[in-house]
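> give me the fold of what follows.
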Amino acid sequence: MRVPPMFRPASDARPAAVLILFGEGVDGPDVLLTQRAATLSNHAGQPAFPGGRVDPEDDGPVSAALREAWEETGVQPSGVDVLCSLPELYLSRSEHRVTPVAGWWREPSEVAPGHPGEVAAVARVPIGELVDPANRTMVRHPSGIRLGPAFHVRGMLVWGFTAALLTQVLDAGGWNRPWDTGRVEDLPPDVLHLSSRS
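Numbering: from 1, shown residues only. Predicted coordinates:
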């Protein structure tokens, strides 16, 4: 997977990991997303992959991604087949270098927000909805700066780091469909407020 210059990690950034968990849901192949609580200090209210910092007791990024997914959503690590780790990506807002870990949900478990102070919602989002051109857009800051691709799915606006990574993964999997990249929307005021407060 190609790493754009803006996402190339700084060596002094703190290690973190996210789990990109694919499964077979009632509406076809899907991926697990969370919506972060609006009270968090970083990336408040944003949809995200389950994940967080690599703790000293973790056995590296894979262990951290599985632990965080269990804590945040209830995913049982024993039911996940780890497929691979993707290249590290730099998240400048929180100064983390993030290792995305791809997994297949061999034995799906019931999921729900694990900690209301961290996770507001959990959703299994069908790949078909993500790649539907009607659900794709570019987003920009009201100042006019383009922020990148976004998805309107399951009542969420998926944008920022998660949308950029998801776009790369959908490309790598050969799932993406042509869509109108000239369609541009301003970030909604509530999303902008949470983003500026983070």
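> show me where the chain has helices.
With DSSP state H as the criterion, the chain has helices at 61-73, 127-130, 160-172, 189-197.
> closest to A121 out of those helices?
helix 61-73 (9.9 Å; Cβ to Cβ). C-beta: built from backbone N, CA, C; applies to glycine.
> show residues contacting that closest one.
The contact list for helix 61-73, computed with Cβ atoms under 8 Å, 6 or more residues apart in numbering, reads 15-19, 21, 32, 34, 50-55, 58, 75-77, 80, 82, 85, 99, 101, 103, 111-115, 118-119, 122.
> now swap in stretch 133-146 and tell me
For stretch 133-146, the surrounding residues in contact (Cβ under 8 Å, 6+ apart) are 129, 147-153, 157, 159, 177-187, 192.
> I'd like to know which of these are buried.
E129, L147, P149, A150, F151, H152, V153, L157, W159, W179, L187 (16 or more other Cβ atoms under 10 Å).
> tell me how far the third one lies from S85.
Spelled out, it's P149. To S85, P149 is 23 Å away according to Cβ to Cβ, to the nearest Å.
> cool, and the fifth one?
As for F151, its distance to S85 is 24 Å (criterion: Cβ to Cβ).
> just the fourth one next, same as before
Distance from A150 to S85, counting by Cβ to Cβ: 25 Å.
> kindly report the same for the last one.
Counting by Cβ to Cβ, the gap between L187 and S85 amounts to 31 Å.
> which one in this structure is furthest away from the centre?
S143 (24.9 Å; Cα atoms, centre = their mean).
> OK, contacts around E110?
G74.
> buried residues, stretch 56-65. List them.
Result for stretch 56-65 [16+ other Cβ under 10 Å]: buried residues D58, P61, V62, S63, A64, A65.
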